[in-house]
Each structure stands twice: as structure tokens, then as C-alpha cells.
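Participant: compute the structure for the input listed below.
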Amino acid sequence: MAKPISLEKILFSQGFGTRRYCSDLVYADLVKVNGQLAEDPEERISTEGLILNVDGEDWEYHEKAYIAFNKPPNYECSHKTTHHPSVYSLLPAPLIERGVQCVGRLDFDTTGLLLISDDGQFIHRMTTPKKNIGKVYEITTPEPITQAQIDHLLNGVVLDDDPRPCYATACDLISEHVLAMTIVEGRYHQVKRMMAAVGNHVAKLHRTQIGAYQMPFNLAQGQWRWLTPDDLKQLSQSIEAK
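Facilitator: Got it, this is the predicted structure:
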């Protein structure tokens, strides 16, 4: 069981501002701890199962932030964007304050599953090429997808900037124009370039899965949720399996 820590430190760790500001939130009667109004920012509190309410908004305590996010189209996975708004603009301010980062990126026009965290070791483990963690993309094409194209993807295609072939590790034809494809690399625009290399192209691209973790069916575009211990276990097993 974690040692109790001061409410001020808890609020600071969750991204609610400087320690002085977090104390002022308590003194202004804007903080509740498990439903009870807090009075002393120095009160030591157990973080196990802790639910804060700050200025009317409930907030689950998490020592580290691990979240799943359903990225909508026309958002960039960057804090410093060029032509489109940032995915971070769709997250609550405390997460931004604590320095969360995307675990890998999706193109601005690609939708679907993003993992976001403030745990640098977790981000590294999930993104290092050594792990080759599979990612599943649902590809919609304007032209029918043929078996010859699927075979080519599975056998490997050569992209114009690298003589090393890249492969789909699995392909599941969902319909004549929709293919679920698994890749383990993350080259620039890889899925789009692979489809072009086999004589088709991508009209829509949506990521549905990273490792063993599938995006929740009820997570709407632009919405996020905390990853559960079971979710993190699935991701950990995906890393350890490599």
C-alpha cells in the first residue's frame, strides 16, 4: 500500500498547477477528497482508490497517466502543429500540465487508437523498433482489394526510399473495399505507401489495435479513457512477447 502524501503534493502531481496554486485551491474550498470538502493542503491522504473533485470536476488519481484516445481526422499528434489543431487540445488541462506525449503518431488524416502517457519508459518500450509491436489498421480503398494485392502485401513490398522490403504480418479482408492489415514497423506513411505499391491506394485509414490492446468499441472520436490494469497487462505482454 502506498504511503499517504500531502494533498498539495497530490494535486501538484496530477497537473493542477504549482504547489502554491494547489494549496490555494484547497483554501478556496475548491477541492473535495472522496466526496468530502478538503480544508488542509498539508493533510496526508492515501492515494489508493482516490477520487478528487477540483472546481466541480471529478478526477481519478493516477501516479502515471496511461490513456487511450480515439483520434479524429484533421488533428496533428504534436504540441507544435503546422496546419491543423493538436490532439492535445482535446485533452483536459491537467494531463497537458503533467507533460503527456503520444506513444507514436498518426498522420493528421488518420483516425483511431492513440496511446498517450507521461511515463517515458513506457513510451520507449512501446515505440522502440526492437520490439516490433503489431499495429492493426483498417484500410478503406476506392478500388476493390484483390487477393493478388493481399499476397503482395504479405510477401513484402519495396518502398522507393529503402531497398528493404516491408511486410504485412496479417491481412483480413473485411469487405471488397476494406482491409484490416497488421504491420510491425512504423516507416513514414508506411500503410499508404504499401497500398500504392500494390496498385491501390488509401481513401481512409483507421487504427484499431496496438499489440494485444483493442480500442474500446464505445470510445467515440475525440474521447479518451484511462487504461485499466488489465489493459496495461495486455500491452506489457505484447512487449514481452517480442
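Participant: so who does Val54 touch?
Facilitator: Listed by Cβ atoms under 8 Å, 6 or more residues apart in numbering, the contact partners of Val54 are 11, 16, 25, 30-31. In this view, the C-beta of every residue, glycine as well, is placed from N, C-alpha and C.
Participant: now with 7 Å, please.
Facilitator: Val54 makes contact with 16, 25, 30-31, according to Cβ atoms under 7 Å, 6 or more residues apart in numbering.
Participant: give me the subset of these lying in strands.
Facilitator: Members of the contacts of Val54 lying in strands (criterion: DSSP state E): Val31.
Participant: and of the contacts of Val54, the nearest to Ile150?
Facilitator: Phe16 (50.3 Å; Cβ to Cβ).
Participant: what's the local residue count around that closest one?
Facilitator: Counted with other Cβ atoms under 10 Å, the neighbours of Phe16 add up to 23.
Participant: list the contacts of it.
Facilitator: Contact analysis of Phe16 by Cβ under 7 Å, 6+ apart lists 22, 25, 54, 94.
Participant: quick check: the first one vs Lys9, distance?
Facilitator: As defined by Cβ to Cβ, to the nearest Å, Cys22 lies at a distance of 8 Å from Lys9.
Participant: then the third one?
Facilitator: Applying Cβ to Cβ, the value for Val54 to Lys9 is 14 Å.
Participant: who does the residue nearest the centre of the chain bridge with?
Facilitator: What sits nearest the mean C-alpha location of the chain, by Cα atoms, centre = their mean, is Leu115, with 1.4 Å. On the basis of DSSP bridges, Leu115 is bridged to Ala68.
Participant: wait, doesn't it sit right on Gly211?
Facilitator: No: judged on Cβ atoms under 7 Å, Leu115 makes no contact with Gly211 at a distance of 9.6 Å.
Participant: among the contacts of Phe16, which lie within helices?
Facilitator: 22, 25, 94 (DSSP state H).
Participant: compute the number of surrounding residues for the first one.
Facilitator: The one in question is Cys22. Counted with other Cβ under 10 Å, the neighbours of Cys22 add up to 23.
Participant: how is this structure carved up into domains?
Facilitator: Domain assignment of the chain by automatic domain parsing yields the ranges 5-60, 66-129+212-240, 135-210.
Participant: what mean pLDDT does stretch 181-193 get?
Facilitator: Mean pLDDT, stretch 181-193: 90.
Participant: try stretch 109-117
Facilitator: Across stretch 109-117, the average pLDDT comes to 97.
Participant: gap between that stretch and the chain center?
Facilitator: For stretch 109-117, the separation from the chain centroid amounts to 5 Å (computed by Cα atoms, centre = their mean, to the nearest Å).
Participant: pull out the buried residues from it.
Facilitator: The neighbour-count check on stretch 109-117 (16 or more other Cβ atoms under 10 Å) flags 110-117 as buried.
Participant: so which of those comes closest to Ile239?
Facilitator: Leu115 (12.2 Å).
Participant: contacting residues around that closest one?
Facilitator: So Leu115 contacts 68, 103, 126, 210 (Cβ under 7 Å, 6+ apart).
Participant: redo those as CSV? Include distance to Pro85.
Facilitator: Formatted as CSV, these follow (distance: Cβ to Cβ, whole Å):
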residue, distance to Pro85
Ala68, 20
Val103, 20
Met126, 24
Ile210, 23
